[in-house]
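> missing the sequence, but the structure's below:
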């Protein structure tokens, strides 16, 4: 079981927005939903390795900035062409105003 | 269902038929030997990789089989028998249809000149890309005829591999069609900084290709000698099949907002058709863009199944050159005035507005995907015919997303 890694302050991300977090040679995207919950996924789109953190969050959807591939960032589910491979998601917790994610091995 | 053309549009249509619950047969007819593949990388990543270009497949044989899509590749449709609702393939066999989709695409426009040989080429297919890629290396002389997107993306790719590149554009500036001057100037400067020579306002008087070198004489009298000439002067819609079948044409195959041709059992979609764009009062346009091809394919599929759904999206386009990405939502020539929003790092967006304040287009350029989010939000505002506050558009202190809620 991996440890929780501190990613950012909760206030670093607006509601319905996304932030890039790089750690140990990997890149992640951390989301704050309109309901003020936090989520984390792999940082790169499964279509062409584009950073999702420059994309647009609408409701529970992140849209890739390059080709508008859509994912539900809460579940990682791909939501239509051109993406057909789901995003990997990671557990997130907020503690004392800080956002932590737990990476899989 | 029969779909003619196995590019981005036709392939998307085939899958969209299944997504909409259609359970009958689907034949997807393509002229190339490859499985359906993405064309945008052909002028970009396919050219600059260390290895020979690899094909970016949209759907492989297993995925086509899983969706029961019958790909007939390396063949063409010779004719349409509209009375009996069937098409004849090059091998003489017939395919019956309830609904037919023409997604025949476009082909590169040819120069009206003599002397085109093995060293003067165009780019449309993966095989074209392989041929061009074989020539690109340090010091090779590449002449690119046409300062549009294909030509400029190829120029950037060729420079990355160390080729000497000259771009020849007959118009007074590059990207004359559809790109505002301020943005074209950024692209121009990027090319010059990378060592590309751009010649504007000079036409081609003659072009001789002896199979080893190409000698291009310009209208001004100047001669450009190249080891390879790539002609990228636009594309013409593939309409011969539709024309022979007696379907209405108008800058491509003419379709209504539901992508139906003059025959209610025949649809057309993607680069090959012109259609009324609702967001601009049904202005008739023909688009040559990846996203439009996808959207058209999906919309045509739903309407082939009886959805009666009208086209309602805003055109969107992108280009990558060096580290820059350009994105355009809407058609900038619809605008009467522009408002500029600077995003830092040299990235900026131009908002194009009508005199009545309606936002009709947004065009942006910057490093990486710096302009993507705001262009996407602008696209949503355009779709709503929004009249956003001008000061808010210009100021990065105001999030564009907040204008959507207004």
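Received the coordinates, thanks. These figures come from a predicted structure and were not determined experimentally. Numbering: from 1, shown residues only, chains lettered A, B, ... in the order given.
> For chain B, what's the nearest residue on chain A?
residue A:65 (3.2 Å; C-beta to the nearest C-beta). Backbone N, C-alpha and C define where each C-beta goes, glycine included.
> Low-confidence stretches in the chain?
Just so you know, I chose chain A. A:1-2, A:105 (pLDDT under 70).
> try chain B instead
Ranges of chain B meeting pLDDT under 70: B:114-116, B:406.
> check contacts around the spatially closest residue to the residue of chain A closest to chain B that is not a sequence neighbour.
Closest residue to residue A:65 apart from its sequence neighbours, by C-beta to C-beta, 6 or more residues apart in numbering or on different chains: residue B:372 at 3.2 Å. By C-beta atoms under 8 Å, 6 or more residues apart in numbering or on different chains, residue B:372 lies in contact with A:54-56, A:65-66, B:325, B:327.
> if I read this right, residue B:343 contacts residue B:365, doesn't it?
No. The criterion here is C-beta atoms under 8 Å, and residue B:343 misses it with residue B:365 at 10.1 Å.
> can you list residues touching both of those two?
residue B:371.
> quick one: the strands in the stretch 51-200 of chain B?
Assigned by DSSP state E, counting those that start in this stretch, the stretch 51-200 of chain B shows strands spanning B:69-72, B:77-81, B:86-89, B:94-96, B:100-102, B:106-108, B:120-121, B:141-145, B:164-169, B:197-200.
> Show residues contacting stretch B:79-98.
B:1-2, B:4, B:24, B:27, B:29, B:72, B:75-78, B:100, B:241-242, B:244-246, B:263, B:265-266.
> of those residues, list those near chain A.
Among those, no residue lies close to chain A (C-beta under 8 Å from any C-beta of the partner chain).
> can you tell me which of these are in helices?
B:241-242, B:244 (DSSP state H).
> contacting residues for the residue positioned nearest the centre of chain A?
When C-alpha atoms, centre = their mean is applied to chain A, the residue found nearest the centroid is residue A:29 (3.2 Å). Residue A:29 makes contact with A:18-21, A:40-43, A:51-53, A:62, A:73, according to C-beta under 8 Å, 6+ apart.
> At the contact with chain B, which residues of chain A appear?
So chain A meets chain B at A:16, A:50-51, A:54-56, A:63, A:65-68, A:81-82 (C-beta under 8 Å from any C-beta).
> repeat that with 10 Å
Counting by C-beta under 10 Å from any C-beta of the partner chain, chain A comes close to chain B at A:14, A:16-18, A:47-48, A:50-58, A:63-68, A:80-82, A:84.
> SS state for the residue of chain A closest to chain B?
With DSSP: H, G, I helix; E, B strand; the rest coil as the basis, residue A:65 sits in coil.
> cool, residue B:380 as well?
Classified using three-state DSSP, residue B:380 is helix.
> How about the contacts made by it?
A:56, A:58, B:314, B:329, B:386, B:400-401, B:403-404 (C-beta atoms under 10 Å, 6 or more residues apart in numbering or on different chains).
> Was I right to think residue B:188 contacts residue B:167?
Yes. With contact defined as C-beta atoms under 10 Å, residue B:188 reaches residue B:167; the gap is 9.5 Å.
> mind giving me TSV with the contacts of residue B:372 and columns for distance to residue B:295 and neighbour count?
Shown next, in TSV, are these (distance: C-beta to C-beta, whole Å; neighbours: other C-beta atoms under 10 Å in any protein chain shown):
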residue	distance to residue B:295	neighbour count
A:54	22	19
A:55	19	26
A:56	18	25
A:65	18	26
A:66	16	24
B:325	20	23
B:327	16	26
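> Out of those residues, which sit inside strands?
Among those, the members found in strands (DSSP state E) are A:56, B:325, B:327.
> ok, residue B:309 - contacts?
B:257-259, B:298-300, B:302-303.
> domains in chain B, as residue ranges please.
For chain B, automatic domain parsing gives the domain ranges B:2-49+B:56-107+B:237-304, B:110-231, B:323-405.
> So what's the gap between the longest one and the chain middle?
Spelled out, it's domain B:2-49+B:56-107+B:237-304. From the chain centre to the centre of domain B:2-49+B:56-107+B:237-304 is a distance of 15 Å (C-alpha atoms, centre = their mean, to the nearest Å).
> Which positions in stretch B:20-31 come out as buried?
If you call a residue buried by 16 or more other C-beta atoms under 10 Å in any protein chain shown, then stretch B:20-31 has these buried ones: B:22, B:26-31.
> just stretch A:24-42 next, same as before
Buried residues in stretch A:24-42 (16+ other C-beta under 10 Å): A:28-33, A:38-42.
> same deal with stretch B:211-226?
For stretch B:211-226, by 16+ other C-beta under 10 Å, it's B:214-216, B:218, B:224, B:226.
> how about the strands in chain A?
Using DSSP E, strands in chain A cover A:4-9, A:17-23, A:26-32, A:38-42, A:56-58, A:61-63, A:70-72, A:89-90, A:92-95, A:98-102.
> Of all these, which one is nearest residue B:144?
Closest of the strands of chain A to residue B:144 is strand A:61-63, at 33.3 Å (criterion: C-beta to C-beta).
> Adjacent strands (with direction) for the closest one?
Applying DSSP bridges, strand A:61-63 is found paired with strand A:56-58 (antiparallel), strand A:70-72 (antiparallel).
> Make JSON lines out of those strands and add distance to residue B:47.
Shown next, in JSON lines, are those (distance: least, C-beta to C-beta, whole Å):
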{"stretch": "strand A:56-58", "distance to residue B:47": "29"}
{"stretch": "strand A:70-72", "distance to residue B:47": "29"}
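> Does residue A:98 touch residue A:30 like I think?
No. Using C-beta under 10 Å, residue A:98 makes no contact with residue A:30, being 11.5 Å away.
> Common neighbours of these two, please.
A:7-8, A:10, A:12.
> Quick check: the two most widely separated of those?
A:7 and A:10 (10.0 Å).
> When the two are compared, which one has more neighbours?
Shown here are residue A:7 and residue A:10; by other C-beta atoms under 10 Å in any protein chain shown, residue A:7 has more neighbours (23 against 16).
> wait, doesn't the more buried one sit right on residue A:99?
Yes. Assessed by C-beta under 10 Å, residue A:7 is found in contact with residue A:99 at 4.9 Å.
> so what sits against both of the two?
Common neighbours of residue A:7 and residue A:99 (C-beta under 10 Å, 6+ apart) are A:13, A:19, A:21, A:30, A:38, A:40, A:92.
> In TSV, list those along with distance to residue B:60.
Shown next, in TSV, are the shared contacts of residue A:7 and residue A:99 (distance: C-beta to C-beta, whole Å):
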residue	distance to residue B:60
A:13	38
A:19	35
A:21	34
A:30	34
A:38	37
A:40	31
A:92	35
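> any idea which of these is closest to residue B:250?
Out of those, the member with the shortest distance to residue B:250 (by C-beta to C-beta) is residue A:19, at 48.1 Å.
> How many residues are close by the closest one?
Residue A:19, neighbours per other C-beta under 10 Å, totals 19.
> Please give me every residue in contact with it.
A:7-9, A:12-13, A:28-32, A:40, A:43, A:53, A:99.
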